[in-house]
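Engineer: Next come a sequence and a model predicted from it.
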Amino acid sequence: MSALLSAADEEAALEQLHAARCTDGLPVVIPTAPRVARMVLAGGLDADLVIGEMGPLGGVATVEKIAVAAVMAGCLPDYLPVVLAACRAICQPAFDLSEMQATTHCIAPLVIVNGPARAACGLAHSHGLLGPGHRANASIGRALRLAMINIGGARPGESDMALHGSPAKFTCCMAEDEASSPLPPLHTSLGYAAEESAVTVVGVESPHSVFFTGDADDPQCAERLLETLAAVIANPGSNNSHLGGTAAVVVMLNPDHARVLTAAGLDRAAIQRELATRAVTPRSRLAALNTKMLMGIGDPLPAVRDPAKVLVLTAGGSGLYSVVFPSWCAGPHGNVAVHEAIVLGQACAVPWANGGVR
Amino acid sequence: MRDGIALARLGIPALAFVTEDFWAQGNFVAQAAGMPEVPRFELPHPVAGTGRAAMQALAEKIAAGVIARLSAP
């Protein structure tokens, strides 16, 4: 059972939470005991069930503590299974959460949702999916961050030493546009069935825009797109270029750009291979820029050593832009992507559990 | 900090170098790891990138103190 604070009213409670550095700087929904209990019930799991341990503090992430974060973030109870899956994912040792929370780099977890959970939560997958205005995207990502703050203990300048932070540290959650994508859903490439739901979580920088004009009359169209995407992945100022290419990078194609590539006969594996092969930089170029921090092997140096670590998916509106998420490329496991099943349908049959008023 | 903590746990004399900008984080990590008293030594910030001469001067300035801390019972 979590400790209870007391305050004269909700306004005072909010100020108390801000003062205790329990928020992300924005107002939160006050996690009163009835609200948290309702959220816990919606997950259908015991409040004391341990989901994992969150560093650097080493806090024990129980269902109840994660439900507190979900309430504070403004989640509907329906979203809790996704929040729990994302928390499970970042607690995997391979995610290196302690190191990621503490680094001076601006990394933040990107949560990618696939499968029926997208519709169950109403997650946006098209225009502005990473921006404001989509409650599920905004609040699920925010719940993960609030859990990382309050359970994991990440506080800027004290335990989270990111030099600049990142807007993605407020929230960074989205769904793949499975319906418009000419590629199979991302999670099916990770071993899940299409009718299963899953989160894929990877620590990334904020998205970098990739400008590309398609031309159906140009036989080199796919070739040009691959070169453009690879140039952004191999940005010579990025960690990916300098630190050995161990990390995952995310390539979020808009549906038009995805179709350019598949029309040229490329499947996901071929796109990954082509991008990894092309996203390279001559050693001399990088050595001239950062003489002390060049960790890669070979010449040219790959920004992504393993093609499977280029996560290719489809999302966003139709148009000129796709986005690439560079990454951190550090930590004991090298900043890899992790994934977890989302378990839906576990909610207790409580009439007021899913948005009703008690 | 975590390297220093890991070595200390193994019973190996260790002194974590922590620059002043990271001192609060060092305290946080030591606390979180359950070793709030783990030995650490404060350096000015930054050290990295300050050049060979500056690092040499810093090393000469702190060497005796570091050895004394590591030699203390």
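Structural biologist: Noted; the coordinates are in hand. Residues are numbered from 1 along each chain as shown, chains lettered A, B, ... in the order given.
Engineer: Please count neighbours and contacts with C-alpha atoms only from this point.
Structural biologist: Noted.
Engineer: give me the number of residues near residue A:4?
Structural biologist: As a burial measure, residue A:4 scores 8 neighbours (other CA atoms under 10 Å in any protein chain shown).
Engineer: Sorry, wrong one. I was asking about residue A:212.
Structural biologist: When neighbours are counted by other CA under 10 Å, residue A:212 registers 17.
Engineer: How about it: what's its closest non-neighbour residue?
Structural biologist: The spatially closest residue to residue A:212, leaving aside those adjacent along the chain, is residue A:320, at 5.4 Å (CA to CA, 6 or more residues apart in numbering or on different chains).
Engineer: what about that neighbour, how many neighbours?
Structural biologist: 14.
Engineer: now it: how far from residue A:330?
Structural biologist: Relative to residue A:330, residue A:320 is positioned 32 Å away (CA to CA, to the nearest Å).
Engineer: same thing with residue A:231?
Structural biologist: From residue A:231 to residue A:330 the distance is 21 Å (CA to CA).
Engineer: So for these two, which sits in the more crowded spot?
Structural biologist: residue A:330 (21 against 18).
Engineer: from what I can see that one touches residue A:245, true?
Structural biologist: No: checked against CA atoms under 8 Å, the pair residue A:330 and residue A:245 is beyond contact range at 9.5 Å.
Engineer: Now do the buried residues in the helix or strand containing residue B:58.
Structural biologist: Assigned by DSSP states H and E, residue B:58 belongs to helix B:52-71. Of all the residues in helix B:52-71, those buried under the rule 16 or more other CA atoms under 10 Å in any protein chain shown are B:66, B:69.
Engineer: quick one: pLDDT of the residue in the stretch 1-150 of chain A that chain B sits nearest to?
Structural biologist: Nearest residue of the stretch 1-150 of chain A to chain B: residue A:57, at 4.9 Å (CA to the nearest CA). Predicted confidence (pLDDT) for residue A:57: 95.
Engineer: Pretty sure it sits against residue A:150.
Structural biologist: No: between residue A:57 and residue A:150 there is no contact, the gap being 9.2 Å when judged by CA under 8 Å.
Engineer: so who does residue A:20 touch?
Structural biologist: Listed by CA atoms under 8 Å, 6 or more residues apart in numbering or on different chains, residue A:20 has no contact partners.
Engineer: before we move on, what about residue A:10?
Structural biologist: Neighbouring residues of residue A:10 by CA under 8 Å, 6+ apart: residue A:30.
Engineer: ok, now residue B:7?
Structural biologist: Contacts of residue B:7 (CA under 8 Å, 6+ apart): B:13-14.
Engineer: and it, what are its phi and psi?
Structural biologist: phi -70, psi -40 (degrees, to the nearest 10).
Engineer: Need the pLDDT of it.
Structural biologist: 92.
Engineer: can you tell me which residues contact residue B:23?
Structural biologist: Residue B:23 sits in contact with residue B:42, where contact means CA under 8 Å, 6+ apart.
Engineer: Quick check: it is in a strand.
Structural biologist: No: in this structure, residue B:23 is helix, not part of a strand, as judged by DSSP: H, G, I helix; E, B strand; the rest coil.
Engineer: Distance of it relative to residue B:50?
Structural biologist: Distance, residue B:23 to residue B:50, using CA to CA: 19 Å.
Engineer: do residue A:90 as well
Structural biologist: 36 Å.
Engineer: neighbour count winner among these two?
Structural biologist: Between residue A:90 and residue B:50, residue A:90 has the larger neighbour count (other CA under 10 Å), namely 29 against 10.
Engineer: Pretty sure that one sits against residue A:201.
Structural biologist: Yes: assessed by CA under 8 Å, residue A:90 is found in contact with residue A:201 at 7.2 Å.
Engineer: pLDDT wise, what is residue A:277 at?
Structural biologist: 98.
Engineer: With adjacent residues omitted, what lies nearest to residue A:161?
Structural biologist: residue A:104 (4.8 Å).
Engineer: The one you found: which element?
Structural biologist: Using DSSP H and E, no helix or strand contains residue A:104.
Engineer: Same question for residue A:336.
Structural biologist: Applying DSSP H and E, one finds residue A:336 in no helix or strand.
Engineer: check contacts around it.
Structural biologist: With CA under 8 Å, 6+ apart, residue A:336 has these contacts: A:94-95, A:202-203, A:246-248, A:309.
Engineer: so which one among the residues you listed has the lowest pLDDT?
Structural biologist: Lowest confidence among the contacts of residue A:336: residue A:246, with 93.
Engineer: measure the nearest residue to that one once chain neighbours are set aside to chain B for me?
Structural biologist: Counting by CA to CA, 6+ apart, residue A:246 lies nearest to residue A:334, which is 5.2 Å off, once chain neighbours are set aside. According to CA to the nearest CA, to the nearest Å, residue A:334 and chain B sit 17 Å apart.
Engineer: so residue A:334 makes contact with residue A:247?
Structural biologist: Yes: between residue A:334 and residue A:247 there is a contact at 5.4 Å, judged by CA under 8 Å.
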